[in-house]
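Novice: Have a look at this fold, sequence not included:
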């Protein structure tokens, strides 16, 4: 009916003015009138065509005081002032919006008044709502569940919708502006007191969750960001995470499911690349999503099961259709980022009883399927990424996930034994690659980088399972393949690097044999992951952490230096081998 009155005002303004003068009741169809009379009988500001006045601190203070007493008319007026303060950042030419703004008989031109309106409205509107509904703040779970049953909620609902609409429009307009991140932080922090009022509004809840999910992944691939901008965006993302987590915990119904689902979908759609510029953003967002999923293990299991199954279906379709076009989605960064995300989520809740441990097996099966799709040595970086994910899962879930075969297979490719081509190219940054550049395997710098990564991951693989009685038998094949490679290669540096690793694995295997002999442990009868873990030995998660891994590889570098210094050259070839072995700069780069 209100829309018809607006049309009447435009089409026949004379008749509209006549109704206003003679029978204004015909134009008033506001259910809030009776409630306004109950809470406030004083004369308030009239919404009409009166000339606009400059808003002052005194008028704002009076309006806040009346709104805090529960006067619905003043609550709406305070919200109108807040909307008026937010409008300068909104680029909209909607006539209906302008007409609605015309109802507020004030203008704001002073920055001091603008700041007062923003802070007062944000601080007091939710308190005014609580006073009007006669509930105690902060709202508890029982009060939140009963909001829709409150007799006065229906009269307040339009005000709640309007307030959230203003905030959402404000966030949407400043979400892509670098210079307004402080305003975004202020609004997001202030939403903490308003989230409970979303309980009776499922559609608004979904809209807000969609907006916040978009803000979490906004400008993730922006290569023009400097360090300050990255910090600002991460601050905003942190507040977005808190609000999404609050929605999933406090708002009843399917709010949590919507938040979890929308966050993952926005992440999957946004993360299609991995570069030096966006890798930190992606890693931060993965940590944010992981923290969000930790808030509800049951819901996290449902969503993880659903989307891990979706990844499996994509892999199945790729194998059925075959061809490069069909397999391309599985070999993409988008697919790899999803694998990394679910690896991180499962590692935070690895328990099979109360966590997501039962999803380790299907996720590893997908990784194994991906490995069969990347048989070419040019996909070595993708093998390394999958191996790292498997190491994380094995360490946190304490399950045996062997990944030595995909690594040692690379040592059997003929390209490793061909004479390398000299090149002045920089070493490839494998952490940002899924495939090596075409025709790059012949370059010496590529071979060195790949071999160093193989040695690094095999060393971590050994560290994972060294406290298990079956470790000596497991690393036997790894040692044999390393020594076979050392015999076949003509590069002294490659020979010494693989020999040092083989010797380290042999020493670790001998130590494990002694420990299991003393403990009387038999591999076939072992049911725990680390029965030979000593009192002073750190846990597997600590041993394969970043800092611990650097120390492990530092010992490999020291062993390489020691061996290079202890052996003397007996021929020209051995002299070259010693010179190459003594130059461990590439190995140091692997430690980084």
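Specialist: Okay, I see it. Being a predicted model, the structure only gives us computed values, none of them experimental. Numbering: from 1, shown residues only.

Novice: alpha carbons only for contacts and neighbour counts from here, please
Specialist: Fine.

Novice: Then residue 303 would be within a helix, right?
Specialist: Yes. With DSSP: H, G, I helix; E, B strand; the rest coil as the criterion, residue 303 is located in a helix.

Novice: I'd like the distance between it and residue 260.
Specialist: Going from residue 303 to residue 260 by Cα to Cα, to the nearest Å gives 7 Å.

Novice: ok, these two, which is more surrounded?
Specialist: In this view residue 303 and residue 260 are compared by other Cα atoms under 10 Å, and residue 260 has more residues nearby, 24 against 17.

Novice: What strand or helix carries the closest residue to residue 166 other than its chain neighbours?
Specialist: For residue 166, ignoring the flanking residues on the chain, the nearest one in space by Cα to Cα, 6 or more residues apart in numbering is residue 83 at 6.1 Å. Of the helices and strands defined by DSSP states H and E, residue 83 is found in helix 72-86.

Novice: likewise residue 161?
Specialist: Residue 161 belongs to helix 153-174 when assigned by DSSP H and E.

Novice: Just give me how far that helix sits from the chain centre.
Specialist: In terms of Cα atoms, centre = their mean, to the nearest Å, the centre of helix 153-174 is set 27 Å apart from its chain centre.

Novice: List the buried residues in it.
Specialist: Of the residues in helix 153-174, those with enough neighbours to count as buried (16 or more other Cα atoms under 10 Å) are 153, 155-157, 159-160, 163-172, 174.

Novice: Please apply the same query to stretch 261-281.
Specialist: 261-264, 266-268, 270-271, 273-274, 277-279, 281.

Novice: What lies in contact with it?
Specialist: With contact meaning Cα atoms under 8 Å, 6 or more residues apart in numbering, stretch 261-281 is reached by 209-210, 213-214, 216-217, 220-223, 225, 230, 234, 282, 289, 303, 332-334, 337-338, 432-433.

Novice: Now with 7 Å, please.
Specialist: Residues from elsewhere that reach stretch 261-281, judged by Cα atoms under 7 Å, 6 or more residues apart in numbering: 210, 213-214, 217, 220-221, 223, 303, 333-334, 337-338, 432.

Novice: ok, which pair from the residues you listed is furthest apart?
Specialist: Across the contacts of stretch 261-281, the longest distance by Cα to Cα is 31.1 Å; it joins 223 and 303.

Novice: Output the below-cut-off pLDDT ranges for the stretch 401-550 of the chain.
Specialist: Segments of the stretch 401-550 of the chain classed as low confidence (criterion: pLDDT under 70) are 546-550.

Novice: the helices in it, which residues?
Specialist: Remark: helices assigned in the stretch 401-550 of the chain by DSSP state H, counting those that start in this stretch are 404-410, 444-465, 471-488, 492-519, 540-543, 546-566.

Novice: Flag every buried residue along the fourth one.
Specialist: By neighbour count, and taking 16+ other Cα under 10 Å as the criterion, the buried residues in helix 492-519 are 492-502, 504-506, 508-509, 512-513, 515-516.

Novice: tell me how far it is from the chain's mean position?
Specialist: Going by Cα atoms, centre = their mean, where helix 492-519 is centred and where its chain is centred differ by 39 Å.

Novice: For that helix, name the packing helices and strands.
Specialist: Using 3 or more Cα pairs under 7 Å, 6 or more residues apart in numbering; DSSP states H and E, the elements in contact with helix 492-519 are helix 471-488, helix 546-566, helix 572-582.
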